[in-house]
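Q: No sequence on hand, only this structure:
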């Protein structure tokens, strides 16, 4: 049976997943017997559209690319009405992350789950702030709440733990969870000062005009909270996670580390000790012989400490239109396979 | 329903998986609803035993540990009769690898598959030499032929590609597939010469008395062949893979690499170009900024080049009793989940 999707947000990730689905249509059908229709999209720039038999995605991509509003299948339903009343099986929640309140995404997810629709999301808001509530709601309604895209884009993290690492107990997770700050630290090693590097990162689009979320460690803190809740099963709140960014790291610190065969990294970590789970974000000097030390640029990486395999590290992209789009595809395929 | 297992080989890996199964019995039942009985074991040192209601594993571990033969449930059936006539659902083929002929393991796997039993194996012989035959036989009889343990012990490789990376196309795989040679190259960097390092590796049990299989690259070549067949779907033979070991690497080469911000690694690689798949094993100078360069000691690592995620690297153990034992557990859980 075709999977029917409603997309909330038609920005970078929304367009990314649509491009992947269109390009891989035949391959997905042949290899995984997976077929889909995007039946509804809601976007505050391009408008809300609905067609129970499937929308005209190529046209919508074209219009979004030209910064024009959608013209076909337009409805005057608000987001919540669209989510509840459309015939989709799965909500893809792809609006912007708000780590303070969770934003409208919380209401979107709640509406979908209450109406028996699966939720797949790359939005850290509902996941970092309300995971336990969302999971309980999903369980109650016999659907899934899947969130691979909230940590390290499409690099397998949650699905690695749930799938190939099943059977291992994980006692510690440590990693590089924010690509912007890792890029900045990598560039500082080449000789630039903090302020100069920040400016370059902003010009390249890695850092936003207000870089606080990245450089103060807040983005990494959201991801640490998600990992604590999902991988460790601990109901940690975002404010339980101690948090220090990279703003105090100087060129001198970078040089000193080099002299000690080490390198500064902004490390997010979750640890279970005597049954208690704690989380933290802080810059650390990592010995050059550790797999995390070699992870440069905007790349992300996570090391899982397990009882049966010792340390297992995964390294991959931490952002990107197609890379995050893939995280949505991977969760859609999971629903398809297990439903 | 309880999964019933027959184990061929009760050496390092056979004892490892039994220890894991015993220790995690309650956890596996609670978390994955997984229950098992080991009903048959065949080992050329300890003997062949069978009990359709489950063997006394703690006693057998004790006897093996004391280098004594099994005394309970002994049968005078040969291996093939045991595999065919026992009431197991799954054969765990854990005998020693023979990369020249495949050894008796080939007959063991064939017998199990023909009699409708799944096969889970860490034995590179049948997998590197006969994968296409085994897979066809498994498909014909509606069972699985699973081989996570043949590459990088329990570090997820095959199951990573099949599961969390599903939907990505993989065009290239490059990695450190032999822990012994990686340990030797790591130690040479600290100042020892090739002959001295080899002696230490032999004393530590990393390298065998005849180290040819490791240092000439044959072990890595077996794994490259497996990856080409399974991940790339190409019917490559082991002799199609070009192969050069580390025997010609001198202390001078190691020093020179260091001066160029690089490091020698024995790299196994599989590449698809214009529809054609090629495989090779050879020492390469790897730039220190590459994730594979930081992988030291007996650790293994693989980088997958994908269409949607770019490069994804996994780093983990390449050997070990419990680490390889886990590869068997992960495949047993896969059969349990998907059957």
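A: Thanks, I have it. Since we're looking at a predicted model, the values are computed, not measured.
Q: Spatially central residue for chain A, please.
A: Centroid-nearest residue in chain A, with Cα atoms, centre = their mean: residue A:150, separated by 2.0 Å.
Q: doesn't residue A:123 make contact with it?
A: Yes: with contact defined as Cβ atoms under 8 Å, residue A:150 counts as touching residue A:123 (6.9 Å). Using the backbone N, CA and C atoms, a C-beta is placed for each residue, glycine as well.
Q: In stretch A:296-315, which residues are buried?
A: Neighbour-count burial for stretch A:296-315 flags A:296, A:298-306, A:308-315 (criterion: 16 or more other Cβ atoms under 10 Å in any protein chain shown).
Q: Just give me the neighbour total for residue A:139.
A: 12 (other Cβ atoms under 10 Å in any protein chain shown).
Q: what helix or strand is it on?
A: Assessed by DSSP states H and E, residue A:139 sits inside helix A:124-140.
Q: Kindly state the pLDDT recorded for residue A:257?
A: The model reports residue A:257 with a pLDDT of 95.
Q: next one: the strand or helix carrying it to chain centre, how far?
A: Using DSSP H and E, residue A:257 maps to helix A:251-259. Chain-centre distance of helix A:251-259: 32 Å, with Cα atoms, centre = their mean, to the nearest Å.
Q: Check which helices and strands the helix or strand just after that helix is in contact with.
A: Following helix A:251-259 in sequence order, the next helix or strand is strand A:262-273 (DSSP H and E). With contacts defined as 3 or more Cβ pairs under 8 Å, 6 or more residues apart in numbering or on different chains; DSSP states H and E, strand A:262-273 has these neighbours: strand A:170-176, helix A:179-189, helix A:218-230, helix A:251-259, strand A:276-287.
Q: Mean neighbour count, those: which tops it?
A: helix A:218-230 (a mean of 26; mean count of other Cβ atoms under 10 Å in any protein chain shown).
Q: Give me the residues contacting it.
A: Under the criterion Cβ atoms under 8 Å, 6 or more residues apart in numbering or on different chains, residues A:97, A:99, A:124, A:127-128, A:131-132, A:147, A:150-152, A:157-158, A:173, A:177-178, A:180-181, A:212-213, A:234-238, A:240-241, A:243, A:245, A:266, A:268-270, A:277, A:279-281 lie in contact with helix A:218-230.
Q: what comes up buried for the helix holding residue A:139?
A: By 16+ other Cβ under 10 Å, the buried positions in helix A:124-140 come out as A:124, A:125, A:126, A:127, A:128, A:129, A:130, A:131, A:134, A:135, A:137, A:138.
Q: Is any residue of that helix near chain B?
A: No: shown here: helix A:124-140 not in contact with chain B (Cβ under 8 Å from any Cβ of the partner chain), separated by at least 15.6 Å.
Q: Identify all contacting residues around the helix or strand following that helix.
A: Downstream of helix A:124-140, the first helix or strand assigned by DSSP H and E is strand A:145-146. By Cβ under 8 Å, 6+ apart, the residues outside strand A:145-146 that reach it are A:109, A:113, A:118-121, A:134-135, A:137-138, A:158, A:331, A:334-335.
Q: Give me the spatial nearest neighbour of residue A:306, chain neighbours excluded.
A: Leaving aside its chain neighbours, residue A:306 sits nearest to residue A:168 (4.0 Å; criterion: Cβ to Cβ, 6 or more residues apart in numbering or on different chains).
Q: Quick one: classify that neighbour as helix, strand or coil.
A: Following DSSP: H, G, I helix; E, B strand; the rest coil, the label given to residue A:168 is coil.
Q: Tell me which residues touch it, please.
A: Per Cβ under 8 Å, 6+ apart, neighbours of residue A:168: A:304, A:306, A:307, A:308, A:309, B:326.
Q: Now do the phi/psi pair for residue A:293.
A: Taking degrees, to the nearest 10, you get phi -70, psi -30 for the backbone angles of residue A:293.
Q: Okay, and the beta partners of the nearest residue to it once chain neighbours are set aside?
A: Excluding its sequence neighbours, the residue lying closest to residue A:293 (Cβ to Cβ, 6+ apart) is residue A:286, at 4.5 Å. The partner list for residue A:286 in beta bridges (DSSP bridges) reads residue A:263.
Q: How about the residues of the stretch 151-300 of chain A by chain B?
A: So far as Cβ under 8 Å from any Cβ goes, the stretch 151-300 of chain A lies against chain B at A:153-156, A:159-160, A:163-169, A:288-291, A:293-296.
Q: circling back to that earlier point, got the angle for the helix holding residue A:139 vs helix A:218-230?
A: 20 degrees (axes from the mean of the first three to the mean of the last three Cα atoms, to 10 degrees).
Q: Who are the packing partners of helix A:124-140?
A: If you count contacts as 3+ Cβ pairs under 8 Å, 6+ apart, helix A:124-140 packs onto helix A:104-114, strand A:118-121, strand A:145-146, helix A:218-230.
Q: Serialize these to CSV and add fields for mean pLDDT and distance to residue A:206.
A: Shown next, in CSV, are those (pLDDT from 0 to 100; distance: least, Cβ to Cβ, whole Å):
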stretch, mean pLDDT, distance to residue A:206
helix A:104-114, 98, 23
strand A:118-121, 98, 23
strand A:145-146, 98, 27
helix A:218-230, 96, 12
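Q: got a markdown table for the ones you listed, with distance to residue A:64 too?
A: Shown next, in a markdown table, are those (distance: least, Cβ to Cβ, whole Å):
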| stretch | distance to residue A:64 |
| --- | --- |
| helix A:104-114 | 19 |
| strand A:118-121 | 20 |
| strand A:145-146 | 25 |
| helix A:218-230 | 25 |
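Q: rewinding a little: closest to residue B:45 out of the buried residues of helix A:124-140?
A: residue A:135 (49.4 Å; Cβ to Cβ).
Q: In contact with the closest one, which residues are there?
A: Applying Cβ under 8 Å, 6+ apart, the residues near residue A:135 are residue A:145.
Q: so how far is residue B:66 from it?
A: Distance, residue A:135 to residue B:66, using Cβ to Cβ, to the nearest Å: 49 Å.
Q: for residue A:152, same thing?
A: Residue A:152 is 48 Å from residue B:66, by Cβ to Cβ.
Q: the more surrounded of the two?
A: A count of neighbours by other Cβ under 10 Å puts residue A:152 above the other of residue A:152 and residue B:66, at 31 against 8.
Q: Hmm, that one is touching residue A:302, no?
A: Yes: Residue A:152 is within contact range of residue A:302, at 6.8 Å (criterion: Cβ under 8 Å).
Q: Now for these two: what residues contact both?
A: The overlap between the contact sets of residue A:152 and residue A:302 (Cβ under 8 Å, 6+ apart) consists of A:177, A:314.
Q: I'd guess residue A:335 is in a helix, am I close?
A: Yes: assessed by three-state DSSP, residue A:335 belongs to a helix.
Q: correct me, but it touches residue A:92?
A: No: Residue A:335 is not in contact with residue A:92 according to Cβ under 8 Å; the separation is 10.9 Å.
Q: If you count surrounding residues, which of those two has more?
A: The neighbour count for residue A:335 versus residue A:92, taken as other Cβ under 10 Å, is higher for residue A:92 (27 against 18).
Q: Give me the average confidence score over stretch A:282-295.
A: Mean pLDDT, stretch A:282-295: 90.
Q: Contacts only, for residue A:131.
A: The contact partners of residue A:131, by Cβ under 8 Å, 6+ apart, come to A:147, A:226, A:229, A:230.
Q: Can you give me the distance of the second one to residue A:33?
A: Think residue A:226. Counting by Cβ to Cβ, the gap from residue A:226 to residue A:33 is 31 Å.
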